[in-house]
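Enquirer: just a sequence and a predicted model for now, questions to come.
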Amino acid sequence: MKQEVVYSDITVIGGGLAGVCAAVAAARAGQTVSLVQNRPVLGGNSSSEVRVWVCGATAHGTNRYARETGIMGEMFVENQFRNPDGNPYYWDLVVLETVRAEHNITLFLNTDVHEVEADGSEAERSIRSVTGWMMGSERRIRFESRMFLDCTGDGLVGFLAGAQYRIGREARDEYDEDWAPLAADGITLGSTLLFYTKDAGHPVKYVPPGFAVNIADTTIPLKRVIRSGDNGCAYWWIEWGGELDTVDDNERIRDELWSVIYGIWDFIKNSGQFDAQNMTLEWVGSVPGKREYRRFIGDYVLNQNDIVAQREFEDRVAFGGWSIDLHPPQGVYSTESGSKHLHADGIYHLPFRSLYSANVSNLMMAGRNISASHVAFGTTRVMATCAVIGEAAGLGAALSVRKGITPRELQRNHMGELQQTLLRCDASVIGLRNTDPDDLARQVEVTASSTRTRIAVEQPMESYSLEADVGLLVPADPEIGGLELLIDAEADAVLEAELWDTGRGENYVPHTRISSASVRVAKGGNQWVRLDLSWRPAAAQNAFIIIKANGKLSLGLSDQPHTGVLAFLKGPKPVVSSELEDHQPGQPVVQWSMRPFARKTFCFRLVSPTQAFSPDKAVDGYNRPYAGPHMWSSAPMQAGVDEWLELSWPDPVNVRTVHLTFNDDVNEDLINLHHHRTPFEVIPELVRNYTVQAESNGEWVTIAKGIDNRKRKQVHKLDAVMAASRLRITVQSVNGACHAEIVEVRVYAQL
């Protein structure tokens, strides 16, 4: 047996998306990282071994402008380019290459950590090392670090270190959660196995194994949606084990899930109720996708009320947006719906205090084992949210190691530095503004070749009948001075509309009514009709305009999206059967759906000009939509004519690094596997070809270029310091859209 000792600044145990993002974040911050994974592939439940969709704050298009940025966002966008059809093996490669690109990371696959050395009392402990066995290589490896991150999901490392934890459901009165049971118990969410099918092109028989469940004798066909063309995560509801111990009983749970899968396939193939003659099983999972086990106790336990109230923690470091999504303990055999969902009005915030152990001083956690109640865990558990938590935890660990302090000390004394570093890394934090004193772009005058000053969409694709209320979200910056709509009227009618605010900068639903207007419309088609809706808010923000239902009227509907503008339909039919998913009634983000209008909007004109896309928005401190678009947008680009954004300093400054963040439309709901297919490989709004020039001693010098860019953020590091009085980003082309758009520019004198 070969025994080794590996020294690194930080050891991350668990190679799911939380662990991957934690390791990459820490490595990019300059720390050496050992990333230890007990499987042959990275990605955890998203990997080709398990094949779960990576869900997150967008909630499959329920939340607006909510797609994750930072490391998770990079992987989403790269996967869209490489893997638009959702091949699980190509996704494995995207995750693996993200890790391999970081020279500060040493990756240990097939290495199962099962020993922990820790010192101290029960109330205050510290980890010295963890030890794992590398399967297939007969290597016993001891990992020594100053900081350890438990990203294992099940929380084995923290458990062995003596970290405080919970399993199961808290009592309702512990955190005053109305979705918690009256009495505490050990029930968790169960595990799932998935399967893939394909059309073989010829008849294929199926002989079920003897252990297959005869699902006709169960409630499964009555309470679940079974279709021959579905596969993968469409069968997320093949879940079981919530009343067992999902670790101790893992083998039993897997066997039961196999018996259910082969029984469902028998039902599809041999019951005569489905058109499945040519269908065959292509793949069946063998590693149960676990949802829940240990949840560690941190300095703060996130709970249901924090989620629903969207509490703005002072130490917020990430966001989520998936619903609180809880499942019945009996899983697939339950006579209840497969899940019940409670949504906030928008994204919610995650505190740093929930990412480190309350009693193990050098232990942090990321993923489904963070400090949260069972109810709050119902939303934090989804993988894209786990990933952004991982990035925050990894960066927090790196700063703690660099300063020689504990995560608790970092939270108490250096929280602003952590948050500003997260923003600099384009991480998934909302509502915080760049106040980085080293960013020279905060001291500039900004000009541009042109600016979009008119918000309008005028070319209809079709006519949309106003059978139900619809909504239109537009920026009020500095005001709404009136609205014109393109109307077809089959008879004389009255057009009515209301103007609402959205309450919070991160929300995109009507909150408080500001004004209303109505106008008589004569019979006729293709009419521009003006509504006297006006509003000049104290600060720039979004306006939500409700256009009231009237079956005599139709709106022009365009297939040309407009940055900063969204269209909604009120009260659409449920996307999924209510027998399978029970969404609580009256929730605004469910009532007002944008799914029917993906990359579409109604034809309209705002009468007053806008400042929502002025050049200074690229340095206003926000790097994603929040109470407005927060980006520079040019006038429509003309063939052969470049657009540019220019930063000017009163006195020359030393430039060594330039950060550019381009618009990748974080409203677009990307996915890693086959939940849906996005029709383009590169986000159309992304700048494609550009140059960066600096004026030094009266001469313009090209210092960087971007060719065939498909990324949201590019960091250009110069070989030498340049004294510059002006910096210009010139856009030659975009990946399909009509405007050059830059979200943020940062400039630093150091690398």
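Expert: That came through fine. Numbers count the residues shown, from 1 in each chain.

Enquirer: so what are the domain limits for this protein?
Expert: Taking automatic domain parsing as the domain assignment, the ranges for the chain are 2-170+296-328+336-424, 191-284, 440-451+613-748, 456-606.

Enquirer: deepest in the core, which of these is it.
Expert: domain 2-170+296-328+336-424 (a mean of 22; mean count of other Cβ atoms under 10 Å). No exception for glycine: its C-beta is placed from N, CA and C like everyone else's.

Enquirer: mind listing the helices for the stretch 201-350 of the chain?
Expert: With helices called from DSSP state H, counting those that start in this stretch, the stretch 201-350 of the chain shows them at 220-223, 250-270, 304-309.

Enquirer: and the chain, by the same measure?
Expert: Here the chain has its helices, by DSSP state H, at 17-28, 70-82, 88-100, 156-161, 172-175, 220-223, 250-270, 304-309, 374-380, 383-403, 407-413, 415-424, 588-591.

Enquirer: let me have those helices in CSV, extended by mean pLDDT and distance to Pro328.
Expert: CSV is the format used below for those (pLDDT from 0 to 100; distance: least, Cβ to Cβ, whole Å):
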stretch, mean pLDDT, distance to Pro328
helix 17-28, 98, 26
helix 70-82, 98, 30
helix 88-100, 98, 28
helix 156-161, 98, 27
helix 172-175, 98, 17
helix 220-223, 89, 10
helix 250-270, 98, 15
helix 304-309, 98, 18
helix 374-380, 98, 13
helix 383-403, 98, 22
helix 407-413, 98, 36
helix 415-424, 98, 37
helix 588-591, 95, 21
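
Enquirer: among the ones you listed, which comes closest to Gln750?
Expert: helix 415-424 (12.3 Å; Cβ to Cβ).

Enquirer: so what touches that closest one?
Expert: 29, 70, 314-317, 352, 391-392, 395-396, 399, 410, 429, 432, 434-436, 439, 623, 659, 746 (Cβ atoms under 8 Å, 6 or more residues apart in numbering).

Enquirer: go with 6 Å
Expert: By Cβ atoms under 6 Å, 6 or more residues apart in numbering, the list of residues contacting helix 415-424 from outside reads 315, 396, 399, 429, 432, 434, 436.

Enquirer: now swap in stretch 290-302 and tell me
Expert: Identification of contacts with stretch 290-302 by Cβ under 6 Å, 6+ apart yields 154-155, 158, 163-167, 188-189, 191, 246-247, 351, 353-354, 356-358, 365, 369, 371-373, 376.

Enquirer: tell me the angle the strand ranked longest in the chain makes with helix 70-82.
Expert: The strand that spans the most residues within the chain, counting by DSSP state E, is strand 713-734. In terms of direction (axes from the mean of the first three to the mean of the last three Cα atoms, to 10 degrees), strand 713-734 departs from helix 70-82 by 40 degrees.

Enquirer: partners of strand 713-734 in the sheet?
Expert: Here strand 713-734 is paired, per DSSP bridges, with strand 643-662 (antiparallel), strand 687-696 (antiparallel).

Enquirer: how about TSV for these, with mean pLDDT added?
Expert: Listed next are the strands paired with strand 713-734 as TSV, based on pLDDT from 0 to 100:
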stretch	mean pLDDT
strand 643-662	97
strand 687-696	97
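
Enquirer: of the ones you listed, which approaches Lys711 most closely?
Expert: Closest approach to Lys711 among the strands paired with strand 713-734 (Cβ to Cβ): strand 643-662, 7.7 Å.

Enquirer: dump the C-alpha coordinates for that closest one into PDB.
Expert: Extracted as PDB, the C-alpha positions of strand 643-662 are listed here (Å, rounded to 0.1, in the frame of the first residue of the first chain):
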ATOM      1  CA  GLU A 643     -19.600  51.200 -31.900                       C
ATOM      2  CA  TRP A 644     -17.400  52.100 -29.000                       C
ATOM      3  CA  LEU A 645     -17.400  53.000 -25.300                       C
ATOM      4  CA  GLU A 646     -14.700  55.300 -24.000                       C
ATOM      5  CA  LEU A 647     -13.400  55.900 -20.500                       C
ATOM      6  CA  SER A 648     -11.500  59.200 -19.800                       C
ATOM      7  CA  TRP A 649      -9.400  60.200 -16.800                       C
ATOM      8  CA  PRO A 650      -8.400  63.800 -16.000                       C
ATOM      9  CA  ASP A 651      -4.900  62.600 -15.400                       C
ATOM     10  CA  PRO A 652      -3.200  59.500 -16.900                       C
ATOM     11  CA  VAL A 653      -3.500  56.300 -14.800                       C
ATOM     12  CA  ASN A 654      -1.500  53.100 -14.900                       C
ATOM     13  CA  VAL A 655      -3.400  50.300 -16.500                       C
ATOM     14  CA  ARG A 656      -2.400  46.600 -16.100                       C
ATOM     15  CA  THR A 657      -5.800  44.700 -16.100                       C
ATOM     16  CA  VAL A 658      -9.100  45.400 -17.900                       C
ATOM     17  CA  HIS A 659     -12.300  43.500 -16.900                       C
ATOM     18  CA  LEU A 660     -15.000  43.500 -19.500                       C
ATOM     19  CA  THR A 661     -18.500  42.100 -18.800                       C
ATOM     20  CA  PHE A 662     -20.800  41.700 -21.800                       C
END
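
Enquirer: orientation of that strand relative to helix 415-424 in degrees?
Expert: Strand 643-662 and helix 415-424 are oriented at 120 degrees to each other (the same axes, to 10 degrees).

Enquirer: quick one: strand 643-662 to chain centroid distance?
Expert: Offset of strand 643-662 from its chain centre (Cα atoms, centre = their mean, to the nearest Å): 30 Å.

Enquirer: spatially, which two of the contacts of helix 415-424 are the most separated?
Expert: Farthest-apart pair in these is Gly396 and Asn434; separation 18.7 Å (Cβ to Cβ).

Enquirer: so what pLDDT did Val52 get?
Expert: The model reports Val52 with a pLDDT of 97.

Enquirer: that one against Asn45, yeah?
Expert: Yes: judged on Cβ atoms under 6 Å, Val52 makes contact with Asn45 at a distance of 4.3 Å.

Enquirer: OK, contacts around Met709?
Expert: Check again: residue 709 is Asn, not Met. Neighbouring residues of Asn709 by Cβ under 6 Å, 6+ apart: 687-688.

Enquirer: just Ala441 next, same as before
Expert: Here Ala441 is in contact with 619, 647, 745-747 (criterion: Cβ under 6 Å, 6+ apart).

Enquirer: could you dump these to CSV with distance to Val24?
Expert: Putting those into CSV (distance: Cβ to Cβ, whole Å) gives the following:
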residue, distance to Val24
Val619, 27
Leu647, 29
Val745, 24
Arg746, 20
Val747, 24
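
Enquirer: determine which two of the residues you listed are furthest apart.
Expert: Leu647 and Arg746 (10.2 Å).

Enquirer: center of the protein, which residue is that?
Expert: Glu68 (3.4 Å; Cα atoms, centre = their mean).

Enquirer: who's in contact with that one?
Expert: Taking Cβ under 6 Å, 6+ apart, we find Glu68 in contact with 56, 384, 388, 428.

Enquirer: now Leu363
Expert: 127, 148, 158, 163, 357.

Enquirer: just the pLDDT for Lys2.
Expert: Looking at Lys2, its pLDDT is 81.

Enquirer: mind listing what it touches?
Expert: Arg139.

Enquirer: do the same with the one 10 residues further on
Expert: Applying Cβ under 6 Å, 6+ apart, we find Val12 in contact with 19, 22-23, 35, 149, 151.

Enquirer: ok, 8 Å please
Expert: Counting by Cβ under 8 Å, 6+ apart, Val12 touches 19, 22-23, 26, 33-36, 148-149, 151, 394.

Enquirer: and what of Glu177?
Expert: 170, 303-305, 373, 375.

Enquirer: likewise for Ala737?
Expert: Counting by Cβ under 8 Å, 6+ apart, Ala737 makes contact with 684-685.
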